[in-house]
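[1] Only the shape, not the letters, is given here:
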C-alpha cells in the first residue's frame, strides 16, 4: 500500500504540474504588450548628461530615457556568422542578423534578427558613451552625434574606429572588432588636447524599447540577466516594472569587479562584458517614455578616469550578440575568463545533471548525425547503466503480480481484520523475498532524466529545428499531426476551438506503450486506485501532446524498452513461480 501511495502521489504531482502548464496557464490573463510604432510623433528626452551642459553621477549614466531615432550613414558588418551595420549617428550597434539561423524551418524564411534600429517597430540596440563627473561641464557625444569612421566595413579581419572631436580639445574614439563568431571587441578612448584635466566615466548600455513576446514558460528565464560578483542575477520583464516603481525604474543595481550583463531570449543573447579587473556599477532599469515600455541593462565604471592635458584614457570591453551555442559560451568562459557565461543557457536547478546530459546528446548526435537518434541511443545507454537495479525492481514487481491472486484471497479472508491483513501480507513478501517498495525505483530514476531531457530539448539552440524522420521536422516543437483532423485529411485546425484538441501520432504511440507497460505491472489492490491508474496513459497522452516531439519520442522509446525488459523478466519468473503462487 505504501508503494502504491507513493507512486500515485508522484504521478499526481506530475499530472498537476503538466496539466497546469498545458491546460490552465494559456488561459491566464497576460500582461499587456507594449505597442510600438515605426515613427515618432514627438521627440523623446535626451540622455541626461550626454549634452554636456551638466555633469552626472555614475548612477545617472544608466538612467537614460529613450532617445529620438536618428538614421544616418552606416558602416556595414560582414563576419562569418553575422551581417548588419553600425549606425554612425549615435555610434549605435543596432542592426544585426544571424547567417545560420532562420525564423522557421522553411529555408526561405527570414534570417533571425538580433538587433534592430530605433526606427524599427522593435528597437533593440547597444550604445557606448561617457559621462562627466559631478560638477564638470564638458561637451560629450550623444545619440545625435554623427561619428566619423576609419574603415569601410567591420569584419573579422577589418576593424572600424569611430571618432568625434568635441571642438574643445577632446577627441573620443570607439574601436570595434569582431571575431569569427558573435563577440565584438570595444575599445573606448578619450584624447585630451586641451589645457585642463577632465574626469569621465565610460559606460555601455543595452536598450530594448519594447516588451518582447516571451515563450511564457516559468521554467525558462527571458529578460535581463547577468553574473555579478560570481552570482547569477535574473529579473523578468514584469518584475522590472514592479521593482522599479518609485525608484526611477531601477530594478537592480550592484557594484563589483567584472562579470557580464545583458538581455536574454530563449535562444539569443545580447550581453555586455567589461574588463574583468575593472570595478563597475551595474543597472537594470525599466523606463516608460511616451507610453512606450523600455528596458535597459547598463554598466558604468565605478571610478572616473581623469585625463590630463596631452594624455589619453582607454576602457576595453566586449559585446556578445548572437546564438547561445553551449560550446561557444564555454569557450568564452574558459579562454576569455568570462565567469559562468554558460549560465546564459537556462539549464535550471538541475544544472549538474542537465548540462552533462546535453553534452552526451551532443556527442551522440555527432556520431549518429541526428538528434532524434541521439535521444534513442542515450535512452538505451541510461537503461543499460541502471539495468541491474531495474532488473531487481522488475523481478520483484513480476513476483508481486504472480502473488496478486494469493494476496487478494487473503484480503477477502481477513477483510474484517486490517491489522492481520498487513502482517500476513508482509509475511508472504518475506517468504518470497519480495520488496514492495522496489517498484518505485524505475519511476524515481526516470523523473530526473525526464526533466533534464525536457530542459535540454526546450532551451538549447542545438535542438532548435533539429529534424528526426518522417513528419517530425523539429524535435523542439510539438508533433504537427493531429488525430482530430484525421492527420491533416480534414482542412481545419481543431486547436482553434480548444487548445487541448491536439493529439499527434507520437503521443498516441506513447500512450499505447504506457498502456502496455501498465498491463505488465501488478494492479493496485485498491479498486479506486486501480481505476485511476487505468486513466493515466490517456491523461499523459493529452498532456504531452503539446510538448516537444523529442521528449515524447524519448518517453515512447523508454516505455518500449521497459516493456521488453519487464516481459523478459516476467517470462523467466513464470518458469520458476514462487511457492505461494503455486499453492
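    Sure, I can see it. This is a predicted model, so every value here is computed, not measured.
[2] isn't residue 74 right up against residue 86?
    Yes: the pair residue 74 / residue 86 is scored as a contact, 6.2 Å apart, by CB atoms under 8 Å. Heads up, the C-betas are built off the backbone N, CA and C, glycines and all.
[3] and those two? which has more neighbours close in?
    Each of residue 74 and residue 86 has its neighbours counted (other CB atoms under 10 Å); residue 86 has more, 26 against 17.
[4] element containing the more buried one, please.
    strand 82-87 (DSSP states H and E).
[5] which of the residues in that strand are buried?
    82, 84-87 (16 or more other CB atoms under 10 Å).
[6] quick one: which of those residues is nearest to residue 99?
    Nearest to residue 99 out of these is residue 82 (CB to CB; 6.4 Å).
[7] show me what contacts the closest one?
    96-99, 114, 178, 182, 321-322 (CB atoms under 8 Å, 6 or more residues apart in numbering).
[8] re the thing from before, how about the buried residues of strand 82-87 in CSV, adding distance to residue 335 and pLDDT?
    Output for those, formatted as CSV (distance: CB to CB, whole Å; pLDDT from 0 to 100):
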residue, distance to residue 335, pLDDT
82, 20, 97
84, 25, 96
85, 28, 96
86, 26, 96
87, 30, 95
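[9] which SS class is residue 131?
    strand (DSSP: H, G, I helix; E, B strand; the rest coil).
[10] And for it, the neighbour number?
    Neighbours of residue 131 (other CB under 10 Å): 30.
[11] again with residue 550
    Counted with other CB under 10 Å, residue 550 comes out at 27.
[12] can you count the residues close to residue 535?
    10.
[13] Please apply the same query to the one 4 residues further on.
    Using other CB under 10 Å, residue 539 has 17 neighbouring residues.
[14] The helix or strand it falls within - contacts with which helices or strands?
    Secondary-structure element containing residue 539, defined by DSSP H and E: helix 527-543. Helix 527-543 sits against helix 2-19, helix 505-520, with contacts defined as 3 or more CB pairs under 8 Å, 6 or more residues apart in numbering; DSSP states H and E.
[15] Pull out the buried residues from that helix.
    Within helix 527-543, judged by 16+ other CB under 10 Å, the buried ones are 529, 533, 536-537, 539-543.
[16] Let's test this: mean pLDDT of it, rounded?
    For helix 527-543, the mean pLDDT works out to 78.
[17] need the next SSE after that helix, C-terminal direction.
    Counting by DSSP H and E, what follows helix 527-543 is helix 549-575.
[18] That following helix versus helix 527-543: what angle between them?
    In terms of direction (axes from the mean of the first three to the mean of the last three CA atoms, to 10 degrees), helix 549-575 departs from helix 527-543 by 150 degrees.
[19] can you pull the buried residues of helix 549-575?
    Neighbour-count burial for helix 549-575 flags 549-563, 565-566, 569-570, 573 (criterion: 16+ other CB under 10 Å).
[20] Selecting buried members of the contacts of residue 82 in PyMOL, what would you type?
    Here is the PyMOL command that selects the buried residues among these (16+ other CB under 10 Å):
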select buried, resi 96+97+98+114+178+182+321+322
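[21] Now, the contacts of residue 82 that are in strands?
    Using DSSP state E, the subset of the contacts of residue 82 located in strands is 96-99, 114, 178, 321-322.
[22] Counting by contacts, list what the one helix or strand residue 203 maps to packs against.
    Using DSSP H and E, the element containing residue 203 is strand 198-208. Packing partners of strand 198-208 (3+ CB pairs under 8 Å, 6+ apart): helix 58-61, strand 124-132, strand 183-192, strand 260-264, strand 268-274, strand 292-301, strand 305-307, strand 312-323.
[23] Relative to residue 383, which of those is closest?
    strand 312-323 (32.7 Å).
[24] what's in contact with the following helix or strand past the closest one?
    Downstream of strand 312-323, the next assigned helix or strand under DSSP H and E is helix 326-335. Outside helix 326-335, the residues that touch it by CB under 8 Å, 6+ apart are 181-183, 320, 338-342, 344-345, 355, 358-359, 362, 460, 462.
[25] let's go with 7 Å and repeat that
    Contacts with helix 326-335, where a contact means CB atoms under 7 Å, 6 or more residues apart in numbering, come from 181, 183, 338, 341-342, 344-345, 358, 460, 462.
[26] swap in stretch 343-358?
    219-221, 225, 227, 232, 264, 269, 271, 324, 326, 329, 448, 451-453, 455-456, 459-460.
[27] Counting neighbours, what do you get for residue 319?
    Counted with other CB under 10 Å, residue 319 comes out at 22.
[28] What score does it have for pLDDT?
    On the pLDDT scale, residue 319 gets 98.
[29] How about the contacts made by it?
    So residue 319 contacts 93, 126, 184, 186, 272 (CB under 7 Å, 6+ apart).
[30] For my notes, confirm residue 180 occurs in a strand.
    No: using three-state DSSP, the assignment for residue 180 is coil, not a strand.
[31] which stretches of the stretch 51-200 of the chain have low pLDDT?
    51-71 (pLDDT under 70).
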